Every structure is written in structure tokens, then in C-alpha cells.
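[1] Just a sequence and a predicted model for now, questions to come.
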Amino acid sequence: MWKWTNPKDIQLLILDGDSLEEDYLTYSYTINDKKIKTIIVTKKSKALVYENFKKYYDTYNLIHEIIIKENCESYSIVSISRDILFLKSMMEYHIGTILVGSLKYDFLKNIPDYDVFNVEDIVQVLNYKRTGYGAEIFATYNDKNPDKNQKMSLLYCSESITLSDGREQNVDLYFGGRYYANKHMYILNDPLSYVVKKFKSRYVKAVDLFFDSACIHIARKEKIDYLTYIPLKPKDIEENKFDRFKSLKLPKLKKGNIRLDNLLKCTKDFSQKGNDLYVRREVVKGTFQIIANVDIENKTIVIVDDVFSTGSTIFEATKTLYEAGAKKVIAIILSVNQLTESSIEYKNLKCKVCGSNMKIRMKNNTGELFFGCENYMEHKDEKNTAKLVLGMDALKKKNKFEIFEIIDLLDEF
């Protein structure tokens, strides 16, 4: 799903001439059979052979000049590159992003809108045949996916972990989308982030739909012997806290005779808040044990969790499963914590009645999300709430890259 770009408004593609091959730079991209203008940008001289090239030195001035010259808005621009750092700089100015190639583990904190592997994939994305990362789609539309013929994505990468005896084991990681933590500027208006927080204290249908679909996708490729999850900590059990994963219904998996089993026990309380990577890994060491009388020798196990920050918790749980004899461990995680900030001051939607910020809310009976202010229940006019998708479209336009006239101060003297 596009974070800042509206697929209905796309007018221009920025192609990274320093990372993309000839096929990508010369392809005639279309949306609904209408050709879309492309600009090849470069910091080198590589793209000089192309007519539609532009040399640049910094992203801010590049976008500023393109918007003025092409008479378009930031929410109608998509950037395409093999270089995640190039795309990260585009994200900061609210430009749509498509990564060509696999996202590397080291860049999970800066996930683009889409990752593709060929020109045909880009065409599918631009024509909205691929709607985005699965958890983001379910959070936005619940069970009302805009078109059943559209495909959702699972973000994939792989990482190796070291066991106690020095052996290396590989872990396949699948992610449902992007998460923005409490202090992040996007938190008030990001559907998946809102859903992740709600899931900590109540059943959320969108989360259930995501894990059910994601596990079915894995089951088509791998024989799943066990499906398990990160367990509650001792103090959480003592305080009778909501066990979120036990609330999942997973109807498709049950039809396939795959059920969610509790294979792990958490042996101590720990907190990862505010810790750096080294401390997080040390804090979680030795935390998990295999529950007695469970034989996972030579078994393929899928383990699920809600948020991936540094990976310390999921890797420690995975390590425990491997050391107990598991043949293969696959992790499916609802969301990945993001660090990409914006150079643009963020603007919220405002309530027409009281002028306060409108935030994402959830209907208790259906789990459907919408926008409303803190006092929306007290406002008599129901039109002062907004449907989620309409509110998100309005936010994209409200937070567009603004063009300012730059005055050279030397002209004053």
C-alpha cells in the first residue's frame, strides 16, 4: 500500500539512473493504457545518453525542481530504484517508493512501499494489481479487500543465527507491513500501527485475517508441522493479561488441520523498551524453554509475533526451537518497526466542529477503522467522522511537499 502516493493520481516516475539497468530506464510505463512520464535522475554522468535525464546533487532541490517543471504534486510521483538509500531519501519528502530487488535485512527499518523483481512487477504495482503488504491491506480494508483479483505481498528476507554450539542456522522472515511506534510522527494516522496496538489488549479481526492468509501462503510451499507463537511473560500470566495469539481463530488453517500450539514457555520477565541492540540481545538470552512432552525433532515450525524491532526476541525463540531439534523455523511477523522520519512538518486532519485533531478510531462491533476526534461521539452531525480510506487520501494531499519561492538574500544589497 502506498504510504504517501495515491495510485489514482500518479503522473510521474523518477527512475534512478545510477542503479537501474537499461530495461527499466527505457521501458514505456503505462497506467490504464495511458503512458506515464519518466525522468531519469543521476548523480553521475551515466544517464547522459537519455533525453529525459536530470543530474542532481540533493533530493530536496531535485523534487522541488521536478514539481515546478512538471506541474505535479508529491503525492502523484513514484520513485523506482535498486538503492534503498536513494528511496529512503525520497520517503522523507513523501514520494512513493518501489524497490527493485530483495530488501536486505539491514534495511528493514526503511521499508519502501513495494519491492519488485522485474518490469512486469512494476506494471502490476502501478496498475494496482498488487495492493501492497498484506497486514497493511487487512488493517485498512478489514475483510473488504477492494478487489479479490488483486494480490497482496509478504515482505521477505533471510537471516542466520548462531546456536550455542557455534552452528549457523537460517531463518526465513516474512513481514506483513510497517509499524510506527508511539513517538513516531505517523502513529496517529497509520492503520496497521493502530491495529498492532489494539491487538495487545483485544481480538482484532484484521490481525486474524492476516495471519490466517500468511500461514496458508507458507503452507502451500512448506509442510508445516507446528504453528506456534511468542508466549506471555510470567508476570503477564500472573496478572491475567490478554493472551493475544490465543484469541486468533485462523479458520482457513483449521480447515487444513493446522492449529496454533503453545510450544514455548517464557521463563523470566524482561523489557526491551529503550534498550540498544546489544542490551536487547543480552536481556532476552535464555528466556525461552520448550514445553515438556513436546517433540519437535526434525519438524518444520512456523512462529508468529506482532512487532519486529531488533529481532532479539524472535531470534532467541528461534534459537531455542533449533537447539531442541527443529529442522526448519519460519517466522511470520505482523509488522516491522520503522525509523524513516520526514523532512516535512506533519499535518493532521481537523474536526470541522471542534477543530481538534482527528485520529484513527475502531468500531467495537466490526473492527472497522475510521477517523474521528476525541469528542466525535458528542458531535450530533455524524459527517464529522471520515471513512478511513477517504481520510488517508486527504492526509496525502494535506502533507504534500510544499513549494517555496527561494529568495537570494544577496539580491537585497
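    Yep, it's here.
[2] For the rest of this, base every contact and every neighbour count on C-alpha atoms.
    OK.
[3] what are the C-alpha coordinates of stretch 313-330, in PDB please?
    Backbone C-alpha positions of stretch 313-330 (Å, rounded to 0.1, in the frame of the first residue of the first chain) are rendered in PDB as follows:
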ATOM      1  CA  THR A 313      13.100 -11.800  20.900                       C
ATOM      2  CA  ILE A 314      12.100 -13.800  17.700                       C
ATOM      3  CA  PHE A 315      15.700 -14.900  17.200                       C
ATOM      4  CA  GLU A 316      16.100 -16.100  20.800                       C
ATOM      5  CA  ALA A 317      12.800 -18.100  20.400                       C
ATOM      6  CA  THR A 318      14.000 -19.500  17.000                       C
ATOM      7  CA  LYS A 319      17.300 -20.400  18.500                       C
ATOM      8  CA  THR A 320      15.500 -22.400  21.300                       C
ATOM      9  CA  LEU A 321      13.500 -24.300  18.700                       C
ATOM     10  CA  TYR A 322      16.600 -25.100  16.600                       C
ATOM     11  CA  GLU A 323      18.500 -26.300  19.700                       C
ATOM     12  CA  ALA A 324      15.600 -28.600  20.500                       C
ATOM     13  CA  GLY A 325      16.000 -30.300  17.200                       C
ATOM     14  CA  ALA A 326      13.700 -28.400  14.800                       C
ATOM     15  CA  LYS A 327      14.600 -29.000  11.100                       C
ATOM     16  CA  LYS A 328      13.400 -25.500   9.900                       C
ATOM     17  CA  VAL A 329      12.000 -22.400  11.600                       C
ATOM     18  CA  ILE A 330      10.000 -19.800   9.700                       C
END
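[4] Can you give me the buried ones in that stretch?
    Using 16 or more other C-alpha atoms under 10 Å as the burial criterion, the residues of stretch 313-330 that qualify are 313-324, 326, 328-330.
[5] before we move on, what about stretch 257-265?
    Neighbour-count burial for stretch 257-265, with 16+ other C-alpha under 10 Å as criterion, is recorded at 258-260, 262-265.
[6] just checking, which of those belong to helices?
    Secondary structure defined by DSSP state H assigns none of those to helices.
[7] so where's the chain uncertain?
    Along the chain, segments meeting pLDDT under 70 span 45-48, 143-150, 185-188, 271-280, 381-383, 405-413.
[8] Run through who's touching the top helix by length along it.
    In the chain, with assignment by DSSP H, the single longest helix is helix 205-219. Helix 205-219 is contacted from outside by 134-135, 138-139, 142-143, 154, 176, 195, 199, 248-253, 332, 334, 367, using C-alpha atoms under 8 Å, 6 or more residues apart in numbering.
[9] For PyMOL, write a command that selects the buried ones of the residues you listed.
    The following PyMOL command selects only the buried members of the contacts of helix 205-219, with burial defined by 16+ other C-alpha under 10 Å:
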select buried, resi 134+135+138+139+142+154+176+195+199+248+249+250+253+332+334+367
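[10] where do the helices sit along the stretch 251-400 of the chain?
    Along the stretch 251-400 of the chain, counting by DSSP state H, counting those that start in this stretch, helices occupy 251-255, 277-284, 312-323, 388-398.
[11] ok, and residue 25, which helix or strand is that part of?
    helix 22-26 (DSSP states H and E).
[12] Any buried residues in that helix, and which?
    Within helix 22-26, the residues that count as buried by 16+ other C-alpha under 10 Å are 24-25.
[13] From the contact counts, what lies against that helix?
    Counting contacts by 3 or more C-alpha pairs under 8 Å, 6 or more residues apart in numbering; DSSP states H and E, there are no secondary-structure elements packed against helix 22-26.
[14] Give me the phi and psi for residue 6.
    Dihedral angles of residue 6 (phi, psi; degrees, to the nearest 10) stand at phi -90, psi 120.
[15] any idea what sits nearest it, other than its immediate chain neighbours?
    For residue 6, the nearest residue in space outside its immediate sequence neighbours is residue 75; the separation is 6.0 Å by C-alpha to C-alpha, 6 or more residues apart in numbering.
[16] for that neighbour, what are its contacts?
    With contact taken as C-alpha under 8 Å, 6+ apart, residue 75 is in contact with 4-6, 9-10, 94-96, 396-397, 400.
[17] between these, which is closest to residue 307?
    residue 4 (22.2 Å; C-alpha to C-alpha).
[18] who are the neighbours in contact with that closest one?
    Contact analysis of residue 4 by C-alpha under 8 Å, 6+ apart lists 75, 94-96, 396.
[19] Format the CA atom coordinates belonging to the helix holding residue 25 as CSV.
    Taking C-alpha atoms only, helix 22-26 is exported to CSV below (Å, rounded to 0.1, in the frame of the first residue of the first chain):
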residue,chain,number,x,y,z
GLU,A,22,18.7,-0.2,-19.4
ASP,A,23,15.4,-2.3,-19.5
TYR,A,24,14.0,-0.2,-16.6
LEU,A,25,15.1,3.1,-17.9
THR,A,26,13.8,2.7,-21.4
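[20] Of the buried residues of stretch 313-330, which is the nearest to residue 285?
    Checking those one by one against residue 285 (C-alpha to C-alpha), the nearest turns out to be residue 316, at 6.6 Å.
[21] Looks like the closest one contacts residue 282 (just checking).
    No. Taking C-alpha atoms under 8 Å as the definition, residue 316 is not a contact partner of residue 282, at 10.1 Å.
[22] Now for the two: what residues contact both?
    Residues touching both residue 316 and residue 282 (C-alpha under 8 Å, 6+ apart): there are none.
[23] Run through the helices of the stretch 101-250 of the chain in chain order.
    Assigned helices in the stretch 101-250 of the chain, in chain order: 119-126, 134-141, 191-199, 205-219, 234-238 (criterion: DSSP H, counting those that start in this stretch).
[24] Make a markdown table out of these and add distance to residue 42.
    Conversion of the helices of the stretch 101-250 of the chain to a markdown table gives the following (distance: least, C-alpha to C-alpha, whole Å):
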| stretch | distance to residue 42 |
| --- | --- |
| helix 119-126 | 20 |
| helix 134-141 | 32 |
| helix 191-199 | 34 |
| helix 205-219 | 38 |
| helix 234-238 | 53 |
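[25] about what we covered before: including secondary structure, could the contacts of residue 4 go into a markdown table?
    As requested, the contacts of residue 4 are exported to a markdown table (DSSP: H, G, I helix; E, B strand; the rest coil):
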| residue | secondary structure |
| --- | --- |
| 75 | helix |
| 94 | coil |
| 95 | coil |
| 96 | strand |
| 396 | helix |
